[in-house]
Structures are given as structure tokens and as C-alpha cells.
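Peer 1: Whatever this is, show me its structure:
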Amino acid sequence: MENRPVGSAGYASAVTDPTELNRYAQRLKSWADAPSSGAVRIRPGVVTGFRLRAVNS
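Peer 2: Residues are numbered from 1 along each chain as shown. Reported below is the predicted structural model:
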């Protein structure tokens, strides 16, 4: 089994265009049991990650 944690840092901004908001609402499903109240766009400046691998003992 492998896991790949990823972290990113960048600039976030609210998505305010109604067409974009509708597109995101159609394509993305929330994991929360509540309707979404908006969307945030994140433009990553730095993305890092590494691989975790299970060790058989």
C-alpha cells in the first residue's frame, strides 16, 4: 500500500463569477452533508509531496 501526502502553498481568491460557480457545483461533490456556500480558487506557488510505503515486518 502506498500513500502520497501532498502540500501546497499559494494565493486563494473567492470565485464570484456565476458561470464558474455553476460549473463547479455541477462537477464537484461536497463531502460535507450540507449545500456548498461558494468556491475558492487556489493558485499554487509551491507543491511538495512524498511517498509513504508500508514496511512488511
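Peer 1: Downstream of the helix or strand of the chain with the lowest mean pLDDT, the next helix or strand is which one?
Peer 2: Within the chain, no helix or strand scores below strand 2-3, which has a mean of 70 by mean pLDDT, DSSP states H and E. Sequence order places strand 6-14 as the next helix or strand after strand 2-3, per DSSP states H and E.
Peer 1: Figure out how far that following strand is from the centre of its chain.
Peer 2: Distance of strand 6-14 from its chain centroid, counting by Cα atoms, centre = their mean, to the nearest Å, is 9 Å.
Peer 1: Which strands and helices lie in contact with it?
Peer 2: Packing contacts for strand 6-14, counted by 3 or more Cβ pairs under 8 Å, 6 or more residues apart in numbering; DSSP states H and E, involve strand 40-49. The C-beta positions use only the backbone N, C-alpha and C, and glycine is treated the same way.
Peer 1: now for the strand it packs on, which elements pack on it?
Peer 2: Counting by 3+ Cβ pairs under 8 Å, 6+ apart, strand 40-49 packs on strand 6-14.
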